[in-house]
Every structure is written in structure tokens, then in C-alpha cells.
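Visitor: this one's structure only:
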Ligand code: GLN
């Protein structure tokens, strides 16, 4: 596995220079583009990594899975009264569908859906940002995981689109807390800094029927874990989820920081990171690395 990971990174490195680092959040535009890392964490506790796997980056939309898991944990099926679990076929920050569908987001992994999930969590936790930070520290086994305050503030300063979604949902009665407060929580989750190893470990419960070995916690029931994986498989890469299923064939979740996490149920999790994105907002080299990995190990859920 170690040799395979190094080989894959060597093969995808030439893609660096062909994508574009997210710059709509100014604090993200400063990230050096030529970075590339990968980590694999097995259900048997084995850990392999290559490249910049220890360099922390902004998890961005990967955090949408953590928020969803928290919400399922305390509210279970009731959350689906507020949003759906259908693919959107739209960019992650699109407003169009939301107006047509009367403020009910298609799924928890587009921004509108993640904002509703944050609203649900805001009603539950006294300090959602801290609850989330502590949750991912436990999941990753890394007590040093931090929120990058500069990124969170930069996102808040450039919040127009996300704020528009939240206020639109409020106008339809699908937002219960103060919008600006929920936006703050949402941006603080997106601004979590984690590396490939942290993320591969933090997602291991989804490869292991909801059980996280290193924290000893049953995070979700096996059924809930299967459900989260299915939403990742159908909506984890926004309007490119179909392409990801076609090329990689695994439940996955991406973020505009350039990270992508993928789950091989029953076996392992893999996190890849490279900051340059394609037009859909997914890591260009990261997608290719996961495609090569799933091909070489001959593993896909399909
Ligand atoms: N914080 C980003 C936003 O709200 C997250 C988007 C993403 O990673 N796709 O726009």
C-alpha cells in the first residue's frame, strides 16, 4: 500500500498547475498550490500515508458530514422533515432550486442543506462551534485540531451568498435561529484545519458500521452509517457526484480547500488533498488519485 500511494502521487503530480485554488474566500487563495497528500486508515488500525499528508488544510465542505452526523445523533430521522436526501445536480452554492422548492434544500451536502443542519444543531448545542471542535478531536484522535479564525472571519466577511440562502429559507419558515449566528457556526466548521491523517481517522466509523475504534464510541448505528455513506455516494461531490461515482465508485465528500475523503465500507477510509480545484469545485489531482487507487486495488461499491 505504501509503495502504491507514493506511485499514485507521482502519477497525478503533473496535474498541479491545471486547476485553480479557491479564491472566492480570500483567506484560502493564499494556500500554496503545489501540495499533494494522501492517507489511508484501515479498519485494522493500519495507517499509510504519502506526500503532504501531515499538512493541515481547511476542511471546508468535508465538515458538512460531521454536522450531519451530529444532527442524526441527537435528532435521528426527524431531520428529514427539514431537507431531503436527493442529489441536486446543481453547484454547491446555487440558489435557484431553493426558490422553486420553497426553501427545502435537496440534501445536507449542498450549502443550503448544510445551513439547515447547522440551524438544527444550533437549537441543540449551547456552543455549536466548540461541540463540533471537540467532536472532531475525538473522532480523529487528535486533540490539537483547531479552527482557523482567519479563514472563518474571511468567510463571514464574504457571506453574501450563504446569507442569501439562509434568509430565503427563513422566509419559507425553514430556519429557526438567528441567521447570523448560524452562519458563524457554519463558517467555523468549514474553517477547521485538519490533515489527511486526521480526516482518514475521523471518518473511519463510516467504514466500520458506525463504530470508531480509537475513541471506542459507537458514533452511529450500522443502519445510520450506511445511510450517511449513501448520501455521500449520491451527493458528496455536488453536481459532480455522478462523475465521481463513475470514476471512483466510492462514497466521498469534497471541500473547496482541496480535500476529498472516500470510504471503502468494511475496509478503510482514504483522504487525499491537493488545493487546486476543477470547475465543479473538487480537487483536480485528488479526484485522479482516488480514481487510480480504486482501480489499482480493484475496489468500488458498484
Ligand atoms: N465554506 C464554503 C462555502 O460556504 C464551503 C464550500 C465547499 O467546500 N464546497 O462556500
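Guide: Now that the structure is in, tell me what you want to look at. Owing to the predicted nature of the structure, the values given are computational and were not obtained by experimental measurement. Residues are numbered from 1 along each chain as shown.
Visitor: Now do the strands in the stretch 1-150 of the chain.
Guide: 20-21, 37-42, 47-51, 57-58, 146-147 (DSSP state E, counting those that start in this stretch).
Visitor: Give me the below-cutoff pLDDT ranges for the stretch 1-150 of the chain.
Guide: Of all residues in the stretch 1-150 of the chain, none has pLDDT under 70.
Visitor: Within range of the ligand, give me the residues from it.
Guide: Those residues of the stretch 1-150 of the chain that sit near the ligand, judged by CB under 6 Å from any ligand atom, are 60, 61, 92, 93, 111. Every residue, glycine included, has its C-beta placed from N, CA and C.
Visitor: returning to what we had before: in CSV: the strands of the stretch 1-150 of the chain, plus mean neighbour count and distance to residue 185.
Guide: Below are these laid out as CSV (neighbours: other CB atoms under 10 Å; distance: least, CB to CB, whole Å):
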stretch, mean neighbour count, distance to residue 185
strand 20-21, 16, 25
strand 37-42, 25, 27
strand 47-51, 20, 31
strand 57-58, 26, 16
strand 146-147, 17, 11
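Visitor: Identify the residues contacting residue 269.
Guide: 40, 41, 199, 200, 201, 203, 204, 206, 207, 261, 262, 263 (CB atoms under 8 Å, 6 or more residues apart in numbering).
Visitor: try 7 Å this time
Guide: 41, 200, 203, 204, 206, 207, 261, 263 (CB atoms under 7 Å, 6 or more residues apart in numbering).
Visitor: Find the nearest non-adjacent residue to it, please.
Guide: residue 203 (4.4 Å; CB to CB, 6 or more residues apart in numbering).
Visitor: rewinding a little: could I have the buried ones of the residues of the stretch 1-150 of the chain next to the ligand as ChimeraX selection syntax?
Guide: What follows is the ChimeraX syntax for the buried subset of these, where burial is set by 16 or more other CB atoms under 10 Å:
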select :60,61,92,93,111
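Visitor: Spit out the contact partners of the residue positioned nearest the centre of the chain.
Guide: By CA atoms, centre = their mean, the chain has its centre lying nearest to residue 62, at 1.3 Å. For residue 62, the contacting residues are 199, 253, 255, 259, 261, by CB under 7 Å, 6+ apart.
Visitor: just curious, which of the contacts of residue 269 is nearest to the ligand?
Guide: residue 261 (12.2 Å; CB to the nearest ligand atom).
Visitor: Helix or strand: which one has the closest one?
Guide: Assigned by DSSP states H and E, residue 261 falls within strand 259-264.
Visitor: Counting neighbours, what do you get for residue 84?
Guide: For residue 84, the count of nearby residues is 16 (other CB atoms under 10 Å).
Visitor: my guess is it contacts residue 107, does it?
Guide: Yes. With contact defined as CB atoms under 7 Å, residue 84 counts as touching residue 107 (5.9 Å).
Visitor: hmm, back to that, and the strand holding residue 261, which strands flank it?
Guide: According to DSSP bridges, strand 259-264 has the following sheet partners: strand 252-254 (antiparallel), strand 268-273 (antiparallel).
Visitor: between these, which gets nearest to residue 174?
Guide: Ranking these by distance to residue 174, with CB to CB as the measure, places strand 252-254 first at 23.1 Å.
Visitor: close to the ligand, is that closest one?
Guide: No. If you take CB under 6 Å from any ligand atom as the test, strand 252-254 misses the ligand, and the best it gets is 7.0 Å.
Visitor: Can you tell me what sits against that strand?
Guide: Counting by CB under 7 Å, 6+ apart, 61-62, 64-65, 109, 232, 236-237, 244, 260-262, 282-283 sit against strand 252-254.
Visitor: of those residues, closest to the ligand?
Guide: residue 61 (3.1 Å).
Visitor: now the closest one, nearest residue through space, not along the chain?
Guide: Nearest one to residue 61, counting by CB to CB, 6+ apart, is residue 255 at 4.1 Å.
Visitor: What does the one you found show for phi and psi?
Guide: Torsion angles at residue 255 (phi, psi; degrees, to the nearest 10) stand at phi -140, psi 160.
Visitor: So the closest residue to residue 9 other than its chain neighbours versus residue 14, what's the distance?
Guide: Nearest residue to residue 9, sequence neighbours excluded (CB to CB, 6+ apart): residue 51, at 4.8 Å. Separation of residue 51 from residue 14 (CB to CB, to the nearest Å) stands at 14 Å.
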